[in-house]
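A.B. asks: Sequence below, structure please.
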Amino acid sequence: MIKRKANVTEYDNGKIVIDPYCITGTHRYEPLLDTEYGSVTTTKQHFRVLLMFPRKAGILAAVRHLISEAARIATLMTNLSCKHDFS
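C.D. replies: Numbers count the residues shown, from 1 in each chain. Sure thing, here's the model as predicted:
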């Protein structure tokens, strides 16, 4: 079985229209950076940041990791902007 993504629109009269997404064979997210607690990827229109912190350390530890990771990602992306044109 192959699963595909689609836009589904249901009208008030009960009619349902399914429009499949364009399938290009390329990856949806291009990897840009990996960090200790997450990653930065790009799409055609956005930069995506995914961060995951261990719960067992507690919420204050997660907050400290968040601040540290945000600063690290900002520095890495600034350095990358000197090498690449992301506009």
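
A.B. asks: Name the residues that touch the helix or strand of the chain with the lowest mean pLDDT?
C.D. replies: Lowest by mean pLDDT, DSSP states H and E among the helices and strands of the chain is strand 16-20, with a mean of 81. Where contact means Cβ atoms under 8 Å, 6 or more residues apart in numbering, the residues beyond strand 16-20 that reach it are 4, 5, 6, 7, 8, 9, 10, 11. Quick note: C-beta positions are derived from backbone N, CA and C, even for glycine.

A.B. asks: Recalculate using a threshold of 7 Å.
C.D. replies: Defining contact as Cβ atoms under 7 Å, 6 or more residues apart in numbering, one finds that strand 16-20 is touched by 4, 6, 7, 8, 9, 10.

A.B. asks: just stretch 75-84 next, same as before
C.D. replies: Contacting residues not belonging to stretch 75-84 are listed as 33, 40 [Cβ under 7 Å, 6+ apart].

A.B. asks: if you set the cut-off to 8 Å instead, what comes out?
C.D. replies: Around stretch 75-84, the neighbours that count as contacts under Cβ under 8 Å, 6+ apart are 32, 33, 35, 40, 47, 86.

A.B. asks: could you give me the average pLDDT of that stretch?
C.D. replies: Model confidence over stretch 75-84 averages 83 on the pLDDT scale.

A.B. asks: Report the buried residues of that stretch.
C.D. replies: Neighbour counts over stretch 75-84 (16 or more other Cβ atoms under 10 Å) mark no residue as buried.
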